[in-house]
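Colleague: okay, sequence plus prediction incoming.
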Amino acid sequence: MRNLVPSLALGGLILFAGAQEMPAQADMSEAGKKALSTAGQVMFDRRCRSCHADDPGKRSYGPSLIGVIGRKAGSLTGYEYSDALKNSGLVWNEALLRAWITDNDGLMPGTRMRHVSITDNSEQDFLLAFLKELSEKE
Ligand code: HEC
């Protein structure tokens, strides 16, 4: 019973976040996609890079985000995750990453990542585009 409430809240968040997936990029030109991802890099530089390198050869305070989309949360070998992240059973997808950057410790109480709150939809789109690019880089 103790675990039921947070998991219901989490389920609701995922459904809610899933309803606002990335706008379809099917019509976007290569130039547009590049612009989106460059904007995402600016966001990443300002909000994430101090703790997350985008170079797998570099050690940083947070885990590498290369290949993060589709990866089981808390699963990089050699990184000491919090129990909350390690045992979450989540697999990172767009909707979850949106929920994470909106309110990471609300989504997952007990995480060691400092509170991040990026609530602007466009800023989320930018970051997601960049995280996608990092995931394709693997
Ligand atoms: C102050 C440092 C810090 C900042 C800033 C930060 N993170 Fe983190 N991040 C961490 C730490 C530490 C962890 C591991 C947390 C844990 O084990 O609970 C983490 C974990 C993550 C994970 C889970 C990775 C996995 O392997 O499961 C994702 C995704 C993530 N961060 C994304 C981001 C994004 C995107 C940003 C920028 C918007 C960001 N983080 C900003 C420190 C940070």
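Modeller: Yep, it's here. Residues are numbered from 1 along each chain as shown.

Colleague: if I pick the most centrally placed residue in the chain, what's in contact with it?
Modeller: The centroid of the chain falls nearest to residue 97 when counting by CA atoms, centre = their mean (3.2 Å). Contacts of residue 97 were listed using CB atoms under 8 Å, 6 or more residues apart in numbering, and they are 68, 69, 127, 128, 131. Bear in mind the C-beta positions are built from the backbone N, C-alpha and C, glycine included.

Colleague: how about a cut-off of 10 Å?
Modeller: Contacts were defined as CB atoms under 10 Å, 6 or more residues apart in numbering; by that measure residue 97 touches 17, 65, 68, 69, 124, 127, 128, 131, 132.

Colleague: burial of residue 73, as a residue count?
Modeller: Neighbouring residues of residue 73 were enumerated by other CB atoms under 10 Å; the total is 21.

Colleague: correction: the previous question concerned residue 131.
Modeller: Residues within reach of residue 131, counting by other CB under 10 Å, total 25.

Colleague: let's number from 34 now, not from 1
Modeller: That works, and once the first residue is 34, the last one we named lands at residue 164.

Colleague: got the CA coordinates for the helix or strand hosting it in PDB?
Modeller: Secondary-structure assignment from DSSP states H and E places residue 164 in helix 154-170. Once non-C-alpha atoms are left out, helix 154-170 reads as follows in PDB (Å, rounded to 0.1, in the frame of the first residue of the first chain):
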ATOM      1  CA  ASN A 154       7.500  23.300 -24.000                       C
ATOM      2  CA  SER A 155       9.800  24.800 -26.600                       C
ATOM      3  CA  GLU A 156      12.800  24.400 -24.300                       C
ATOM      4  CA  GLN A 157      11.800  20.800 -23.700                       C
ATOM      5  CA  ASP A 158      11.500  20.300 -27.500                       C
ATOM      6  CA  PHE A 159      15.000  21.700 -27.900                       C
ATOM      7  CA  LEU A 160      16.500  19.500 -25.200                       C
ATOM      8  CA  LEU A 161      14.800  16.400 -26.500                       C
ATOM      9  CA  ALA A 162      16.100  17.000 -30.000                       C
ATOM     10  CA  PHE A 163      19.600  17.200 -28.600                       C
ATOM     11  CA  LEU A 164      19.200  14.100 -26.400                       C
ATOM     12  CA  LYS A 165      17.900  12.200 -29.400                       C
ATOM     13  CA  GLU A 166      21.000  13.200 -31.400                       C
ATOM     14  CA  LEU A 167      23.200  12.000 -28.500                       C
ATOM     15  CA  SER A 168      21.300   8.800 -28.600                       C
ATOM     16  CA  GLU A 169      21.900   8.300 -32.300                       C
ATOM     17  CA  LYS A 170      25.600   9.000 -31.700                       C
END
